[in-house]
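K.L.:
any chance you can model this:
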Amino acid sequence: MKKVPAKIEIIQKDNPLLRKVSTSIALSKIKTAEIKKVIADMKKAVLSQADAVAISAVQISKPIRLFIISKRAFDINSDSKKSENTDMVFINPKISRSSKSKQELEEGCLSVRYAYGQVERPEKVTVEALDENGKKFSRGFSGFLAQIVQHENDHLDGILFIDKAKNIKEISHDEYEKSLREMSER
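P.N.:
Okay, here's the model as predicted:
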């Protein structure tokens, strides 16, 4: 009998875990089976959602300082000069620089389903983090990708986009499904 992979639960906004500050991951733990499983589960969770571009570990009930940006985000981002051929892992991320220029973009969240709002954030950021092998890196992002980095980094500090958003609107599940169908037809 073929084993069906378990679905990874993405916790929702009323879960108090989303409001806690996530803890740093010790360098000695980065290559452990436990952290590798968390990363694999996060990737599965993103793949399970047609509109997902990133996720933080706390969204799958692991309050550690870790998020990923899906390859999908790089594929759909017009500001990105460099496409990634895999998901990008950020362990213990820290935004080291932010531009003074701001942008206001619509945001949604896998943990605040069917709600969307306008959030103003710096247009460009530089983030320092460790990758899944414990190697330190620094990378700049602009536009949509800068927005994603800031959104996911906020999760690690117990902040949801609805704490910052203006003009929040909620749509029904049916409206959401219809918008997904329209996106796939483009």
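
K.L.:
look up how far Leu130 lies from Lys31.
P.N.:
11 Å (CB to CB, to the nearest Å). Where C-beta positions appear, they are placed from N, C-alpha and C, glycine not excepted.

K.L.:
so which of the two has more stuff around it?
P.N.:
Neighbour count, other CB atoms under 10 Å: between Lys31 and Leu130, Leu130 has more, with 19 against 11.

K.L.:
so where does Ala146 fall, helix or strand?
P.N.:
helix 143-156 (DSSP states H and E).

K.L.:
show me the contact partners of that helix.
P.N.:
Helix 143-156 is contacted by residues 18, 21-22, 53-56, 58-59, 65-67, 69, 73-74, 76-80, 90, 93, 95, 103, 105, 107, 109, 111, 119, 121-125, 127, 141, 160-161, 164 when judged by CB atoms under 8 Å, 6 or more residues apart in numbering.

K.L.:
same thing with stretch 129-136?
P.N.:
Residues contacting stretch 129-136 (CB under 8 Å, 6+ apart): 25, 27, 30-31, 35-36, 39, 89-94, 128, 137.

K.L.:
so for the top strand by length along the chain, what's the average pLDDT?
P.N.:
Taking DSSP state E as the criterion, the chain has its longest strand at strand 88-98. For strand 88-98, the mean pLDDT works out to 97.

K.L.:
what is the burial count for Lys7?
P.N.:
When neighbours are defined as other CB under 10 Å, Lys7 has 9 of them.

K.L.:
same thing with Arg19?
P.N.:
Arg19 has 14 nearby residues by other CB under 10 Å.

K.L.:
for this protein, just list every one of the helices.
P.N.:
Counting by DSSP state H, the chain has helices at residues 33-47, 71-76, 143-156, 173-185.

K.L.:
weakest of those helices in terms of mean pLDDT?
P.N.:
helix 173-185 (a mean of 69).

K.L.:
before we move on, the earlier item: narrow the contacts of helix 143-156 to those in strands?
P.N.:
Among the contacts of helix 143-156, the members falling in strands (DSSP E) are 54-56, 66-67, 69, 90, 93, 95, 103, 105, 107, 119, 121-122, 124-125, 127, 141.

K.L.:
need the buried ones from those residues selected in ChimeraX.
P.N.:
Entered in ChimeraX, the line below selects the buried ones among those, by 16 or more other CB atoms under 10 Å:
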select :54,55,56,66,67,69,90,93,95,103,107,119,121,122,124,125,127,141
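
K.L.:
let's see stretch 39-57 as PDB, backbone CA atoms only.
P.N.:
C-alpha atoms of stretch 39-57 as PDB (Å, rounded to 0.1, in the frame of the first residue of the first chain):
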ATOM      1  CA  ILE A  39      12.600  22.800   6.400                       C
ATOM      2  CA  ALA A  40      11.200  19.900   4.400                       C
ATOM      3  CA  ASP A  41       7.800  20.300   6.100                       C
ATOM      4  CA  MET A  42       7.800  24.100   5.300                       C
ATOM      5  CA  LYS A  43       8.500  23.300   1.600                       C
ATOM      6  CA  LYS A  44       5.600  20.800   1.600                       C
ATOM      7  CA  ALA A  45       3.300  23.400   3.200                       C
ATOM      8  CA  VAL A  46       4.200  26.000   0.600                       C
ATOM      9  CA  LEU A  47       3.600  23.500  -2.300                       C
ATOM     10  CA  SER A  48       0.300  22.500  -0.800                       C
ATOM     11  CA  GLN A  49      -1.000  26.100  -1.300                       C
ATOM     12  CA  ALA A  50      -1.500  27.400  -4.800                       C
ATOM     13  CA  ASP A  51      -0.800  31.000  -3.900                       C
ATOM     14  CA  ALA A  52       2.000  30.500  -1.400                       C
ATOM     15  CA  VAL A  53       5.400  32.300  -2.000                       C
ATOM     16  CA  ALA A  54       7.000  31.900   1.400                       C
ATOM     17  CA  ILE A  55       6.500  30.600   5.000                       C
ATOM     18  CA  SER A  56       8.000  30.900   8.400                       C
ATOM     19  CA  ALA A  57       8.600  28.000  10.700                       C
END
